[in-house]
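Participant: No sequence on hand, only this structure:
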């Protein structure tokens, strides 16, 4: 029977499953050695051990070898996400719907925020859904090392799998919440105009890369300093206001548009609305600035994560 850590059988089962996958992989790939004394001297292998590089580098080959571990972690987190809740996955629809309703009433009816040529409810929901994904991905990836302490300290696998799994799990909520947007698109007739719909996954990918980069950095910091859980909620409360969730960015004065463009999520939301609602096309130099900042955050976070990785098990 697997040992339980902190009273959580799911964690214990995950450790056993990860260990089993690694043992099976080694059995499949490891050659059967002959006794060393029976080999001619010239046939004896020479092994050279080199340290892993710590510059911004993802070993794709190693990640591919551990793909089953990644799948196990993702599936475990999906199963426990709404475990012992009455409504279950329905919360993935209710949360963005309730948030969007509050925004529509407060910022649409009372504050009269601009919406451009798009119906305000559709505009808000098209901003809330990617923002909810980003907030969930950032929160989970920032806490992934501490939340998986038994895995980090007892089993070897590429630690980068933990933040990667953390940003993949909320994709399920994102997909489940899409019917809310599609319903409003049908009610208001705000359908995509042309082939720009195919660019929608690219803007979601930018949100994923940005969340992963910040998650790399904050998860590394959180191993030593446990202030991160207090910082993230404050950051996520301010972020929608500076990302254009409840207003059309193109209606903002130009000088402020460039300031907002430094935020990658402004590019994500503006581009997503253009792709799925037929909203005005993003200003591409501004969108390029946001994408560049998102990629830079990813590389910086990955650098810090890789540099800190050898000390995770000892520090945590």
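Facilitator: Yep, it's here. Predicted model only: the values in this text are computed from it and were never measured.
Participant: drop to CA atoms for contacts and neighbour counts, all remaining ones
Facilitator: Fine.
Participant: pLDDT below threshold where in the stretch 51-200 of the chain?
Facilitator: 51-57 (pLDDT under 70).
Participant: Where do the helices of it begin and end?
Facilitator: If DSSP state H, counting those that start in this stretch is used as the criterion, the helices of the stretch 51-200 of the chain fall at 60-65, 67-81, 91-103, 120-142, 144-147, 149-154, 161-168, 170-188, 200-224.
Participant: Including distance to residue 258 and mean neighbour count, could these go into JSON lines?
Facilitator: Listed next are those as JSON lines, based on distance: least, CA to CA, whole Å; neighbours: other CA atoms under 10 Å:
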{"stretch": "helix 60-65", "distance to residue 258": "36", "mean neighbour count": "11"}
{"stretch": "helix 67-81", "distance to residue 258": "37", "mean neighbour count": "17"}
{"stretch": "helix 91-103", "distance to residue 258": "24", "mean neighbour count": "18"}
{"stretch": "helix 120-142", "distance to residue 258": "19", "mean neighbour count": "26"}
{"stretch": "helix 144-147", "distance to residue 258": "33", "mean neighbour count": "21"}
{"stretch": "helix 149-154", "distance to residue 258": "41", "mean neighbour count": "17"}
{"stretch": "helix 161-168", "distance to residue 258": "28", "mean neighbour count": "23"}
{"stretch": "helix 170-188", "distance to residue 258": "28", "mean neighbour count": "17"}
{"stretch": "helix 200-224", "distance to residue 258": "18", "mean neighbour count": "23"}
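Participant: Next, format the ones you listed as CSV and append distance to residue 256.
Facilitator: Listed next are the helices of the stretch 51-200 of the chain as CSV, based on distance: least, CA to CA, whole Å:
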stretch, distance to residue 256
helix 60-65, 40
helix 67-81, 38
helix 91-103, 22
helix 120-142, 19
helix 144-147, 35
helix 149-154, 43
helix 161-168, 30
helix 170-188, 28
helix 200-224, 21
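Participant: closest to residue 293 out of these?
Facilitator: helix 200-224 (8.4 Å; CA to CA).
Participant: which other helices and strands contact that closest one?
Facilitator: Judged by 3 or more CA pairs under 8 Å, 6 or more residues apart in numbering; DSSP states H and E, helix 200-224 is in contact with helix 120-142, helix 144-147, helix 161-168, helix 228-238, helix 264-277, helix 284-308, helix 312-315.
Participant: center of this protein - which residue?
Facilitator: residue 167 (2.4 Å; CA atoms, centre = their mean).
Participant: Look up how far residue 192 lies from that one.
Facilitator: Residue 167 sits 27 Å away from residue 192, going by CA to CA, to the nearest Å.
Participant: Ok, residue 199 next?
Facilitator: 11 Å.
Participant: shared neighbours, the two?
Facilitator: Common neighbours of residue 199 and residue 192, counting by CA atoms under 8 Å, 6 or more residues apart in numbering, are residue 275.
Participant: Surely residue 200 is in contact with residue 278?
Facilitator: No - Residue 200 is not in contact with residue 278 according to CA atoms under 8 Å; the separation is 11.4 Å.
Participant: rewinding a little: name the nearest residue to the residue nearest to the centre of the chain, sequence neighbours excluded.
Facilitator: Spatially, and ignoring its direct neighbours in sequence, residue 167 is nearest to residue 137 (4.5 Å; CA to CA, 6 or more residues apart in numbering).
Participant: give the contact list for the one you found.
Facilitator: 166-170, 208, 211-212 are the contacts of residue 137 under CA under 8 Å, 6+ apart.
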